[in-house]
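In: Quick check, what structure comes out for this input:
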Amino acid sequence: MIARLWSADTTPAQAPAYAEHLRTQVLPALNAIKGYAGTMLLERTTPAGVEILVITWWRSVEDIGRFAGTDPEHAVVADEAARLLTRFDRRVRHFRLVMEDRPPAFRPR
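Out: Down below sits the predicted model:
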C-alpha cells in the first residue's frame with residue numbers, strides 16, 4: 001500500500017469549502033480509479049490559518065499513474081480547489097506502508 005501526501009494552506013473561512021470540494025468533486029472521481037484505496041483529510045490551525053494534509057491510499061505506483069498521469073509526483077489540483085487555497089504543494093510525496101496498528105475499537109469492520 002502506498003500513501004500519497006499533499007499539503008496546502010487555506011483560511012479558516014475556506015477550510016469547510018475545501019473539505020466539501022474534496023468530498024463532492026474529488027472523491028467520486030478517485031473511487032472510479034482502479035487501485036484507489038481511500039482518503040484522509042487532516043487539518044490543523046496555524047498562526048497563518050489552516051494547514052491541510054490530504055493522504056490518499058493506493059495499491060501501487062501504477063495505480064497512482066491512473067490519477068496523476070506520467071509524473072506520479074505531480075500534484076493534481078483543480079482550479080476550483082486552488083481558488084480555495086492560499087498555498088499548495090506542486091509536488092506530492094509517496095510513502096510505502098510498512099506497518100499499521102490500531103486498537104481493536106478503531107479497526108475498520
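In: just checking, what packs against the worst-scoring helix or strand of the chain on mean pLDDT?
Out: Least confident helix or strand of the chain, by mean pLDDT, DSSP states H and E, is helix 61-68 with a mean of 95. Judged by 3 or more Cβ pairs under 8 Å, 6 or more residues apart in numbering; DSSP states H and E, helix 61-68 is in contact with strand 2-10. (Each C-beta comes from the backbone N, C-alpha and C, glycine too.)
In: Let me know whether V61 touches F95 as I believe.
Out: No: using Cβ atoms under 8 Å, V61 is not in contact with F95; the gap is 11.8 Å.
In: re earlier: flag every buried residue along the least confident helix or strand of the chain.
Out: D63, I64, R66, F67, A68 (16 or more other Cβ atoms under 10 Å).
In: Name the nearest of these relative to P104.
Out: D63 (29.4 Å; Cβ to Cβ).
In: ok, and the closest non-adjacent residue to that closest one?
Out: Nearest residue to D63 in three dimensions, chain neighbours excluded: G35, at 2.5 Å (Cβ to Cβ, 6 or more residues apart in numbering).
In: Kind regards, and thank you for your time.
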